[in-house]
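Peer 1: what's the 3D shape of this:
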Amino acid sequence: MSSPIGSIIAPSGAPPWLPREVAEGRRFAWWAQIMFFLMALVWFIVALVLITLYVADGGAWRLAMGMFGFFGMLICGFAGLFLKKTVIDAIDQGRFHDAKNDTLIWIIIGLFGFVLPSLFLILTYAKVGDALVAQAPVGYAPYAPGTVAVQQPAYVPPPAPPAPVQQPPAQPGAQPAQAYHAHQTPMHRCKNCNVQFPDFMHSCPNCGAPK
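Peer 2: Here you go, the predicted model:
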């Protein structure tokens, strides 16, 4: 059964599968979390003393510094809580890129802790960054700006049009081919002059004989 303290303060031991550089960076992040909580306690004591002196002897600057002390206490306390979730837990889960990027945020916030947490987090950032570089593929090197030349595609002329197909010469006496009609009109042959005419006509258009 896990204690409430274990859900707030990360365990000092690193998982055994972590690379050496990442394990060292995690240890520095753990010390940074401890420093955040210690600095929160220091800010609380400073604020309490200044507020007490203000009540006893007055002085606006004591009241202002006391309020700032309470503000610094809250900043360091919340930083210690969220440092575990965003950096230490991310390292334990193998999310090294996320841990490295979030470390930059806590380096800036660590200035409220009298710079001590920021110093440990700078070491965490450097160690995790070294591990990521070591895990890069062998021979990987990004192109420097201006070194990549774009090759223009070669011009390919369009294909020549096909030669016209020559029809064979018509044979003497051959009847020309008639065009095909999908729907041919029924025809009727005149009994008088032997001329064909459409079946819907009532008389031959050549001699006038009735159909």
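
Peer 1: hang on, residue 188 is in a strand, isn't it?
Peer 2: Yes. Counting by DSSP: H, G, I helix; E, B strand; the rest coil, residue 188 falls inside a strand.

Peer 1: what's across from it in the sheet?
Peer 2: residue 197 (DSSP bridges).

Peer 1: renumber starting at 47 from here on
Peer 2: With 47 as the first residue, the last one maps to residue 234.

Peer 1: just give me the longest helix of this structure.
Peer 2: Determined from DSSP state H, the single longest helix within the chain is helix 66-103.

Peer 1: now for it, which elements pack on it?
Peer 2: With contacts taken as 3 or more CB pairs under 8 Å, 6 or more residues apart in numbering; DSSP states H and E, helix 66-103 sits against helix 106-129, helix 135-138, helix 142-155, helix 162-180. For every residue, glycine as well, the C-beta is placed using N, CA and C.

Peer 1: in that helix, what counts as buried?
Peer 2: Of the residues in helix 66-103, those buried by neighbour count under the rule 16 or more other CB atoms under 10 Å are 67-86, 88-90, 92-93, 96-97, 100.

Peer 1: could you check the angle it makes with helix 162-180?
Peer 2: 160 degrees (axes from the mean of the first three to the mean of the last three CA atoms, to 10 degrees).

Peer 1: what separates helix 66-103 from the chain centre, distance-wise?
Peer 2: 37 Å (CA atoms, centre = their mean, to the nearest Å).

Peer 1: I'd like the average pLDDT over that helix.
Peer 2: Confidence for helix 66-103, expressed as mean pLDDT, is 96.

Peer 1: ok, now which ones touch residue 160?
Peer 2: Counting by CB atoms under 8 Å, 6 or more residues apart in numbering, residue 160 makes contact with 85, 88.

Peer 1: which among the helices and strands packed on helix 66-103 is found nearest to residue 55?
Peer 2: Nearest to residue 55, of all the helices and strands packed on helix 66-103, is helix 106-129, at 8.0 Å by CB to CB.

Peer 1: appreciated, that's everything.
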